[in-house]
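**Student:** Sequence first, predicted coordinates after that:
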Amino acid sequence: VILEGLVTTLDDDDSPRLAPMGAAVNADLSRLILRPFQTSRTYDNLGRSGQGVFHISDDVELLARAAIHRLEAFPRSVPASAVHGVILLGACRWYAFQVRQQDDREPRARFECHVVDRGRQRDFIGFNRAKHAVVEAAILATRVELSDPRQLLEEFARLSVIVDKTAGDQERRAFALLEDFVRAADRGDTR
Ligand SMILES: Cc1cc2nc3c(=O)[nH]c(=O)nc-3n(C[C@H](O)[C@H](O)[C@H](O)COP(=O)(O)O)c2cc1C
């Protein structure tokens, strides 16, 4: 299966970077396959350092903000010990990994990674339809330059039904932030 998580890597000046990213995982999460676009900074960082930390979290507001580069500040984190990287303190679980193989033949590169250390910090809240809707909305928002914003907004309208029914405050804020971002693109307002 592919788990949607949060990957931290280090930029070349050692400042931490956070990007939502899907990872194909095996059953015990000892192996991860990451597929960053070669245009992403996470791709550059994984290629340069060959390491990072994959996190499982239910914080969809953080996921949404990171997806559209609207983090107010880098979230609370601590240095990892097994890799040169950082662990997000708010995440449910984390997996420090080393890249074993890199394949650049496609625009979405393929990094095969081995998990070298892991930790559990808190429970995952559980299935919530609004959280899943925000994950979908965040993926749509990251495609804003490749797609027609009008079509994206139609998908947002469908997802908003689920958000209205099942969201808490965090999911509502995250969804509104993403919708505003796509609306701004629709107006041609690129900030
Ligand atoms: C749930 C989710 C999954 C994502 N998975 C990927 C992925 O597998 N590969 C990728 O290149 N981008 C993926 N993205 C988009 C990146 O997070 C986004 O392009 C980000 O801006 C990259 O940031 P960076 O350039 O700072 O690395 C995903 C976004 C979301 C919301």
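**Tutor:** That came through fine. Numbers count the residues shown, from 1 in each chain.

**Student:** so residue 125 is in which element?
**Tutor:** Assigned by DSSP states H and E, residue 125 belongs to neither a helix nor a strand.

**Student:** and the chain, which residues reach the ligand?
**Tutor:** Proximity of the chain to the ligand, by Cβ under 6 Å from any ligand atom, involves residues 4, 17, 19-22, 35-37, 40-42, 63, 67, 135, 138-139, 142. In this view, the C-beta of every residue, glycine as well, is placed from N, C-alpha and C.

**Student:** switch the cut-off to 8 Å
**Tutor:** Taking Cβ under 8 Å from any ligand atom as the criterion, the chain approaches the ligand at residues 4, 9, 17-23, 34-37, 39-45, 63-64, 66-69, 108, 135, 138-139, 141-142.

**Student:** if I look at the residue lying closest to residue 122 once chain neighbours are set aside, how far off is residue 107?
**Tutor:** Nearest residue to residue 122, sequence neighbours excluded (Cβ to Cβ, 6 or more residues apart in numbering): residue 92, at 5.5 Å. Per Cβ to Cβ, to the nearest Å, residue 92 is found 31 Å from residue 107.

**Student:** between the two, who's got more neighbours?
**Tutor:** For residue 92 versus residue 107, neighbours defined as other Cβ atoms under 10 Å are more numerous around residue 92 (17 against 9).

**Student:** which residues touch that one?
**Tutor:** By Cβ atoms under 8 Å, 6 or more residues apart in numbering, the contact set of residue 92 is 55, 56, 57, 58, 120, 121, 122, 123, 124.

**Student:** Where does the prediction get shaky in this protein?
**Tutor:** 190-191 (pLDDT under 70).

**Student:** Helices of that one, residue ranges please.
**Tutor:** 41-49, 60-67, 129-141, 149-166, 169-186 (DSSP state H).

**Student:** just the ones you listed: most buried one?
**Tutor:** Counting by mean count of other Cβ atoms under 10 Å, helix 60-67 has the highest mean neighbour count of the helices of the chain, with a mean of 23.

**Student:** Would you mind getting the angle between that one and helix 169-186?
**Tutor:** Interaxial angle of helix 60-67 relative to helix 169-186 (axes from the mean of the first three to the mean of the last three Cα atoms, to 10 degrees): 30 degrees.

**Student:** ok, and what's touching helix 60-67?
**Tutor:** Contacts for helix 60-67 (Cβ under 8 Å, 6+ apart): 4, 6, 18-20, 57, 70-72, 75, 88, 90, 131, 134-135, 137-139, 141-142, 170-171, 173-175, 177-178.

**Student:** returning to what we had before: got a markdown table for the contacts of residue 92, with neighbour count too?
**Tutor:** A markdown table is the format used below for the contacts of residue 92 (neighbours: other Cβ atoms under 10 Å):
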| residue | neighbour count |
| --- | --- |
| 55 | 25 |
| 56 | 19 |
| 57 | 22 |
| 58 | 18 |
| 120 | 11 |
| 121 | 15 |
| 122 | 12 |
| 123 | 9 |
| 124 | 12 |
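
**Student:** TSV please, covering the residues you listed and showing distance to residue 148.
**Tutor:** Converted to TSV, the contacts of residue 92 look like this (distance: Cβ to Cβ, whole Å):
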residue	distance to residue 148
55	32
56	32
57	31
58	31
120	42
121	40
122	39
123	40
124	35
